[in-house]
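> pasting the sequence and the predicted model now:
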Amino acid sequence: MKTLTYSKNIFLPVTDLCRNRCGYCSFRKEPKDAHLISRTEATRLLEQGALRGCSEALFTMGESPWAVSGFESILVDAGVADLLDYLVELCELALEFGLLPHTNAGLLGQENLRRLQPYNASMGLMLETTALLDAHAMSPGKRPDLRLQYMAMAGRLRIPFTTGILVGIGESMQDRMEALSKIAHLHRAFGHIQEVIIQPLDPKPGTALENAPRPEIMEIYRTVEAARAILPPEVAIQVPPNLVDPRPLIAAGANDLGGISAVTVDCINPDRPWPDEEELHKCLSDYSLRERLPVYPRFIAMGWHGHETRSLVDFLAGEDGLRAKKYIF
Ligand code: SF4
(Lines give C-alpha, C1' and ligand atoms only; values in the text may rest on other atoms or scores of the structure.)
Protein backbone atom coordinates (compact mmCIF):
# COMPACT_ATOMS: atom_id res chain seq x y z
CA MET A 1 0.00 0.00 0.00
CA LYS A 2 1.45 3.36 -1.03
CA THR A 3 2.21 5.73 1.86
CA LEU A 4 1.06 9.32 1.67
CA THR A 5 1.98 11.92 4.24
CA TYR A 6 0.65 15.21 5.57
CA SER A 7 1.29 17.44 8.54
CA LYS A 8 -1.07 19.22 10.91
CA ASN A 9 -0.13 22.84 11.08
CA ILE A 10 -1.14 26.35 11.91
CA PHE A 11 -0.35 29.16 9.52
CA LEU A 12 1.13 32.30 11.08
CA PRO A 13 1.43 35.24 8.64
CA VAL A 14 4.13 37.31 10.38
CA THR A 15 3.72 40.32 8.09
CA ASP A 16 1.97 40.99 4.80
CA LEU A 17 4.31 43.85 3.93
CA CYS A 18 6.41 42.83 0.92
CA ARG A 19 8.81 44.50 -1.48
CA ASN A 20 7.54 42.41 -4.42
CA ARG A 21 4.34 42.80 -6.42
CA CYS A 22 3.63 39.41 -7.95
CA GLY A 23 0.88 39.37 -10.57
CA TYR A 24 -1.13 36.67 -8.75
CA CYS A 25 -0.81 37.79 -5.13
CA SER A 26 -3.65 38.85 -2.88
CA PHE A 27 -1.63 38.39 0.34
CA ARG A 28 0.61 41.44 0.08
CA LYS A 29 -0.73 44.70 1.55
CA GLU A 30 0.20 48.34 1.05
CA PRO A 31 2.05 49.84 4.06
CA LYS A 32 -1.05 51.69 5.32
CA ASP A 33 -2.95 48.38 5.55
CA ALA A 34 -0.06 46.04 6.39
CA HIS A 35 0.25 44.37 9.76
CA LEU A 36 2.71 42.50 11.92
CA ILE A 37 1.31 39.59 13.87
CA SER A 38 1.07 40.52 17.54
CA ARG A 39 2.41 38.41 20.38
CA THR A 40 -1.15 38.06 21.62
CA GLU A 41 -2.44 36.78 18.29
CA ALA A 42 0.52 34.42 17.81
CA THR A 43 0.01 33.04 21.32
CA ARG A 44 -3.71 32.52 20.69
CA LEU A 45 -3.07 30.60 17.46
CA LEU A 46 -0.29 28.51 18.96
CA GLU A 47 -2.47 27.61 21.91
CA GLN A 48 -5.29 26.54 19.59
CA GLY A 49 -2.81 24.60 17.44
CA ALA A 50 -1.51 22.77 20.49
CA LEU A 51 -5.04 21.96 21.67
CA ARG A 52 -5.90 20.55 18.21
CA GLY A 53 -2.80 18.34 18.19
CA CYS A 54 -0.87 20.23 15.50
CA SER A 55 2.87 19.74 15.26
CA GLU A 56 3.90 22.49 12.83
CA ALA A 57 3.95 26.27 13.15
CA LEU A 58 4.30 27.60 9.61
CA PHE A 59 5.73 31.12 9.72
CA THR A 60 5.50 33.03 6.47
CA MET A 61 5.81 36.68 5.52
CA GLY A 62 6.19 39.06 2.63
CA GLU A 63 9.69 39.28 1.24
CA SER A 64 12.23 41.83 2.52
CA PRO A 65 9.59 44.03 4.20
CA TRP A 66 12.45 46.14 5.57
CA ALA A 67 12.93 47.45 1.99
CA VAL A 68 9.44 49.02 1.99
CA SER A 69 8.87 52.53 3.25
CA GLY A 70 6.64 52.43 6.32
CA PHE A 71 8.18 49.23 7.69
CA GLU A 72 9.76 50.96 10.70
CA SER A 73 6.48 52.45 11.88
CA ILE A 74 4.78 49.03 11.65
CA LEU A 75 7.51 47.62 13.91
CA VAL A 76 7.24 50.52 16.35
CA ASP A 77 3.43 50.21 16.51
CA ALA A 78 3.82 46.51 17.37
CA GLY A 79 6.51 47.18 20.00
CA VAL A 80 9.10 45.21 18.04
CA ALA A 81 12.70 46.42 17.74
CA ASP A 82 14.05 43.97 15.15
CA LEU A 83 12.11 41.66 12.85
CA LEU A 84 14.63 38.81 12.93
CA ASP A 85 14.77 38.92 16.73
CA TYR A 86 10.99 38.83 16.69
CA LEU A 87 10.93 35.81 14.36
CA VAL A 88 13.29 33.99 16.72
CA GLU A 89 11.06 34.95 19.65
CA LEU A 90 7.99 33.58 17.84
CA CYS A 91 9.80 30.35 16.99
CA GLU A 92 10.76 29.93 20.66
CA LEU A 93 7.15 30.55 21.63
CA ALA A 94 5.99 27.89 19.16
CA LEU A 95 8.43 25.38 20.67
CA GLU A 96 7.09 26.18 24.16
CA PHE A 97 3.62 25.23 22.91
CA GLY A 98 4.93 21.99 21.44
CA LEU A 99 4.84 23.07 17.77
CA LEU A 100 7.84 22.78 15.48
CA PRO A 101 8.61 25.94 13.49
CA HIS A 102 8.97 25.83 9.70
CA THR A 103 9.81 29.31 8.44
CA ASN A 104 9.56 30.68 4.92
CA ALA A 105 10.71 34.29 5.28
CA GLY A 106 11.59 34.89 1.63
CA LEU A 107 15.16 35.69 0.62
CA LEU A 108 17.41 36.28 3.62
CA GLY A 109 21.11 36.94 3.99
CA GLN A 110 23.29 34.16 5.36
CA GLU A 111 23.55 35.74 8.81
CA ASN A 112 19.77 35.89 9.18
CA LEU A 113 19.31 32.37 7.84
CA ARG A 114 21.83 31.16 10.43
CA ARG A 115 19.93 32.97 13.18
CA LEU A 116 16.72 31.14 12.34
CA GLN A 117 18.23 27.73 11.64
CA PRO A 118 18.52 26.48 15.26
CA TYR A 119 14.83 27.17 15.96
CA ASN A 120 13.42 25.55 12.82
CA ALA A 121 12.74 21.90 12.11
CA SER A 122 12.97 22.79 8.41
CA MET A 123 12.71 25.91 6.26
CA GLY A 124 11.47 26.78 2.81
CA LEU A 125 11.34 29.04 -0.21
CA MET A 126 9.32 28.48 -3.38
CA LEU A 127 11.51 28.62 -6.47
CA GLU A 128 8.24 29.12 -8.40
CA THR A 129 9.88 29.23 -11.83
CA THR A 130 13.19 29.74 -13.57
CA ALA A 131 11.50 31.63 -16.43
CA LEU A 132 11.44 35.41 -16.62
CA LEU A 133 7.70 36.15 -16.58
CA ASP A 134 5.46 39.23 -16.70
CA ALA A 135 3.94 38.05 -13.40
CA HIS A 136 7.29 38.80 -11.75
CA ALA A 137 8.15 42.01 -13.63
CA MET A 138 7.67 44.03 -10.41
CA SER A 139 9.18 41.45 -8.06
CA PRO A 140 12.94 41.88 -7.71
CA GLY A 141 13.06 38.99 -5.23
CA LYS A 142 11.68 36.54 -7.78
CA ARG A 143 14.84 36.56 -9.87
CA PRO A 144 15.48 32.84 -10.36
CA ASP A 145 19.25 33.19 -9.88
CA LEU A 146 18.74 34.81 -6.45
CA ARG A 147 16.34 32.10 -5.36
CA LEU A 148 18.62 29.32 -6.54
CA GLN A 149 21.55 30.94 -4.71
CA TYR A 150 19.47 31.11 -1.54
CA MET A 151 18.50 27.47 -1.83
CA ALA A 152 22.16 26.54 -2.32
CA MET A 153 23.06 28.53 0.81
CA ALA A 154 20.42 26.59 2.78
CA GLY A 155 21.96 23.39 1.39
CA ARG A 156 25.45 24.37 2.53
CA LEU A 157 23.99 25.06 6.00
CA ARG A 158 22.30 21.63 5.95
CA ILE A 159 18.80 22.95 6.43
CA PRO A 160 16.06 20.45 5.50
CA PHE A 161 14.32 22.41 2.79
CA THR A 162 10.92 22.71 1.12
CA THR A 163 10.56 24.35 -2.26
CA GLY A 164 8.18 24.18 -5.19
CA ILE A 165 6.98 25.51 -8.49
CA LEU A 166 3.86 27.38 -9.53
CA VAL A 167 1.76 26.12 -12.42
CA GLY A 168 -0.25 28.56 -14.53
CA ILE A 169 1.52 31.91 -14.04
CA GLY A 170 2.59 32.21 -17.69
CA GLU A 171 5.31 29.56 -17.78
CA SER A 172 5.52 26.71 -20.29
CA MET A 173 5.85 22.99 -19.59
CA GLN A 174 9.47 23.31 -20.69
CA ASP A 175 9.98 26.06 -18.09
CA ARG A 176 8.55 23.80 -15.39
CA MET A 177 10.87 20.99 -16.36
CA GLU A 178 13.83 23.36 -16.27
CA ALA A 179 12.87 24.58 -12.78
CA LEU A 180 12.49 20.99 -11.57
CA SER A 181 15.87 20.10 -13.08
CA LYS A 182 17.52 22.99 -11.21
CA ILE A 183 15.96 21.77 -7.95
CA ALA A 184 17.17 18.23 -8.67
CA HIS A 185 20.65 19.59 -9.37
CA LEU A 186 20.70 21.46 -6.05
CA HIS A 187 19.54 18.36 -4.21
CA ARG A 188 22.28 16.27 -5.81
CA ALA A 189 24.83 18.85 -4.68
CA PHE A 190 23.63 19.30 -1.09
CA GLY A 191 21.04 16.58 -0.30
CA HIS A 192 18.75 19.00 1.52
CA ILE A 193 15.49 19.10 -0.48
CA GLN A 194 12.80 17.23 1.43
CA GLU A 195 9.79 18.04 -0.73
CA VAL A 196 8.76 19.92 -3.86
CA ILE A 197 5.31 21.49 -4.00
CA ILE A 198 3.47 21.52 -7.31
CA GLN A 199 1.18 24.47 -6.72
CA PRO A 200 -1.49 25.39 -9.26
CA LEU A 201 -2.44 29.03 -9.70
CA ASP A 202 -5.71 29.98 -8.02
CA PRO A 203 -6.56 33.28 -9.76
CA LYS A 204 -7.61 36.05 -7.39
CA PRO A 205 -9.88 38.99 -8.18
CA GLY A 206 -8.06 42.30 -8.31
CA THR A 207 -4.72 40.76 -9.34
CA ALA A 208 -3.05 41.02 -12.76
CA LEU A 209 -3.74 37.31 -13.33
CA GLU A 210 -7.38 37.40 -12.22
CA ASN A 211 -8.55 36.23 -15.64
CA ALA A 212 -5.81 33.66 -16.18
CA PRO A 213 -7.23 30.17 -16.67
CA ARG A 214 -7.03 27.85 -13.69
CA PRO A 215 -4.69 25.00 -14.72
CA GLU A 216 -6.55 21.91 -15.92
CA ILE A 217 -6.09 18.70 -13.93
CA MET A 218 -4.29 17.07 -16.89
CA GLU A 219 -1.80 19.93 -16.95
CA ILE A 220 -1.09 19.40 -13.25
CA TYR A 221 -0.98 15.64 -13.76
CA ARG A 222 1.68 15.97 -16.47
CA THR A 223 3.68 18.33 -14.25
CA VAL A 224 3.58 15.91 -11.31
CA GLU A 225 4.60 13.12 -13.65
CA ALA A 226 7.53 15.19 -14.94
CA ALA A 227 8.52 16.08 -11.38
CA ARG A 228 8.59 12.39 -10.40
CA ALA A 229 10.76 11.60 -13.40
CA ILE A 230 13.18 14.50 -12.81
CA LEU A 231 13.53 14.60 -9.01
CA PRO A 232 15.49 11.99 -7.05
CA PRO A 233 13.14 9.39 -5.52
CA GLU A 234 13.75 10.47 -1.92
CA VAL A 235 12.35 13.95 -2.64
CA ALA A 236 8.62 13.99 -1.90
CA ILE A 237 6.18 15.56 -4.32
CA GLN A 238 3.51 17.57 -2.60
CA VAL A 239 0.13 18.65 -3.96
CA PRO A 240 -2.15 20.95 -1.92
CA PRO A 241 -5.51 19.23 -1.30
CA ASN A 242 -7.33 22.55 -0.86
CA LEU A 243 -6.45 23.57 -4.44
CA VAL A 244 -6.67 20.33 -6.36
CA ASP A 245 -8.10 16.83 -5.98
CA PRO A 246 -5.04 14.83 -4.98
CA ARG A 247 -6.40 11.43 -6.07
CA PRO A 248 -5.48 11.49 -9.77
CA LEU A 249 -2.15 13.11 -8.94
CA ILE A 250 -1.10 10.30 -6.63
CA ALA A 251 -1.06 8.00 -9.65
CA ALA A 252 1.29 10.49 -11.34
CA GLY A 253 3.74 10.35 -8.42
CA ALA A 254 2.53 12.75 -5.72
CA ASN A 255 3.10 11.35 -2.22
CA ASP A 256 2.58 14.25 0.17
CA LEU A 257 -0.35 16.55 0.90
CA GLY A 258 1.51 19.25 2.81
CA GLY A 259 0.15 20.99 5.85
CA ILE A 260 -3.56 20.99 6.60
CA SER A 261 -5.09 22.95 9.42
CA ALA A 262 -8.18 22.77 11.57
CA VAL A 263 -7.22 26.11 13.13
CA THR A 264 -6.09 28.57 10.46
CA VAL A 265 -6.91 29.21 6.80
CA ASP A 266 -4.41 29.02 3.95
CA CYS A 267 -3.47 32.71 4.10
CA ILE A 268 -2.35 32.68 0.46
CA ASN A 269 -5.65 31.15 -0.69
CA PRO A 270 -8.05 32.08 2.12
CA ASP A 271 -11.14 31.16 0.09
CA ARG A 272 -9.88 27.58 -0.35
CA PRO A 273 -10.63 25.69 2.87
CA TRP A 274 -8.51 22.76 3.98
CA PRO A 275 -10.14 19.35 3.82
CA ASP A 276 -11.05 17.89 7.15
CA GLU A 277 -8.48 15.34 8.37
CA GLU A 278 -11.09 12.62 8.84
CA GLU A 279 -12.54 13.23 5.35
CA LEU A 280 -9.06 13.00 3.89
CA HIS A 281 -8.53 9.62 5.55
CA LYS A 282 -11.87 8.43 4.18
CA CYS A 283 -11.34 9.57 0.61
CA LEU A 284 -7.76 8.23 0.55
CA SER A 285 -8.52 4.93 2.27
CA ASP A 286 -6.74 3.01 -0.51
CA TYR A 287 -3.48 4.42 0.81
CA SER A 288 -1.59 4.39 4.05
CA LEU A 289 -2.12 8.03 5.04
CA ARG A 290 0.35 9.01 7.76
CA GLU A 291 0.93 12.19 9.68
CA ARG A 292 4.48 13.46 9.55
CA LEU A 293 6.39 16.27 11.23
CA PRO A 294 7.56 19.34 9.29
CA VAL A 295 10.94 17.62 9.03
CA TYR A 296 11.16 14.37 7.07
CA PRO A 297 12.42 11.19 8.76
CA ARG A 298 15.75 10.94 6.95
CA PHE A 299 16.76 14.43 8.11
CA ILE A 300 15.82 13.53 11.68
CA ALA A 301 18.07 10.49 11.38
CA MET A 302 20.91 12.71 10.13
CA GLY A 303 20.26 15.33 12.85
CA TRP A 304 19.83 18.19 10.36
CA HIS A 305 16.89 19.82 12.14
CA GLY A 306 17.66 22.87 14.27
CA HIS A 307 19.25 22.01 17.58
CA GLU A 308 16.59 23.86 19.60
CA THR A 309 13.95 21.61 17.99
CA ARG A 310 15.63 18.32 18.85
CA SER A 311 13.99 17.42 22.15
CA LEU A 312 10.53 18.17 20.75
CA VAL A 313 11.24 16.18 17.56
CA ASP A 314 12.46 13.28 19.72
CA PHE A 315 9.21 13.45 21.68
CA LEU A 316 6.87 13.72 18.68
CA ALA A 317 8.52 11.30 16.25
CA GLY A 318 7.92 7.58 16.25
CA GLU A 319 10.56 4.99 15.44
CA ASP A 320 9.96 5.47 11.71
CA GLY A 321 10.47 9.24 12.00
CA LEU A 322 6.82 10.02 11.25
CA ARG A 323 4.49 11.41 13.90
CA ALA A 324 3.79 9.23 16.88
CA LYS A 325 0.39 9.96 18.35
CA LYS A 326 1.61 11.93 21.29
CA TYR A 327 0.15 15.23 22.29
CA ILE A 328 1.48 17.84 24.63
CA PHE A 329 -1.97 18.91 25.89
S1 SF4 B 1 3.48 36.27 -3.66
FE2 SF4 B 1 4.85 36.57 -1.91
S3 SF4 B 1 6.61 37.63 -2.77
FE4 SF4 B 1 4.94 37.89 -4.24
S5 SF4 B 1 3.97 39.84 -3.67
FE6 SF4 B 1 2.89 38.20 -2.62
S7 SF4 B 1 3.84 38.11 -0.61
FE8 SF4 B 1 5.23 39.20 -1.95
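Yes, it's here. Owing to the predicted nature of the structure, the values given are computational and were not obtained by experimental measurement.
> tell me how many other residues surround the closest residue to the ligand within the stretch 201-329 of the chain.
Taking C-beta to the nearest ligand atom as the measure, the point where the stretch 201-329 of the chain comes nearest the ligand is Ile268, at 7.3 Å. Every residue, glycine included, has its C-beta placed from N, CA and C. In terms of burial, Ile268 registers 18 neighbours under the definition other C-beta atoms under 10 Å.
> that one and Gly258, how far apart?
12 Å (C-beta to C-beta, to the nearest Å).
> do the same with Met218
For Met218, the distance to Gly258 equals 21 Å [C-beta to C-beta].
> for these two, indicate the residue with more neighbours.
Gly258 (25 against 10).
> can you pull the contacts of that one?
Tyr6, Ser7, Glu195, Ile197, Gln238, Val239, Pro240, Pro241 (C-beta atoms under 8 Å, 6 or more residues apart in numbering).
> next, count neighbours for the first one.
Residues lying near Tyr6 (other C-beta under 10 Å) number 24.
> can you show me the strands along this structure?
Counting by DSSP state E, the chain has strands at residues 3-15, 56-61, 100-104, 122-124, 161-167, 193-200, 236-238, 256-260, 288-291.
> what residue in the stretch 101-250 of the chain comes nearest to the ligand?
Ser139 (5.5 Å).
> quick one: name the residues of the stretch 1-150 of the chain near the ligand.
Cys18, Asn20, Arg21, Cys22, Cys25, Phe27, Arg28, Gly62, Glu63, Ser139 (C-beta under 6 Å from any ligand atom).
> between which two of those is the distance greatest?
Phe27 and Ser139 (12.7 Å; C-beta to C-beta).
> before we move on, the earlier item: model confidence score at the residue lying closest to the residue of the stretch 101-250 of the chain closest to the ligand once chain neighbours are set aside, please.
Computed as C-beta to C-beta, 6 or more residues apart in numbering, the closest residue to Ser139 that is not its neighbour in sequence is Asn20, at 3.5 Å. On pLDDT, Asn20 comes in at 98.
> for the spatially most central residue of the chain, list each beta-bridge partner.
The structure's the chain has its C-alpha centroid closest to Gly124; by C-alpha atoms, centre = their mean the separation is 5.6 Å. On DSSP bridges, the residues paired with Gly124 through beta bridges are Thr162.
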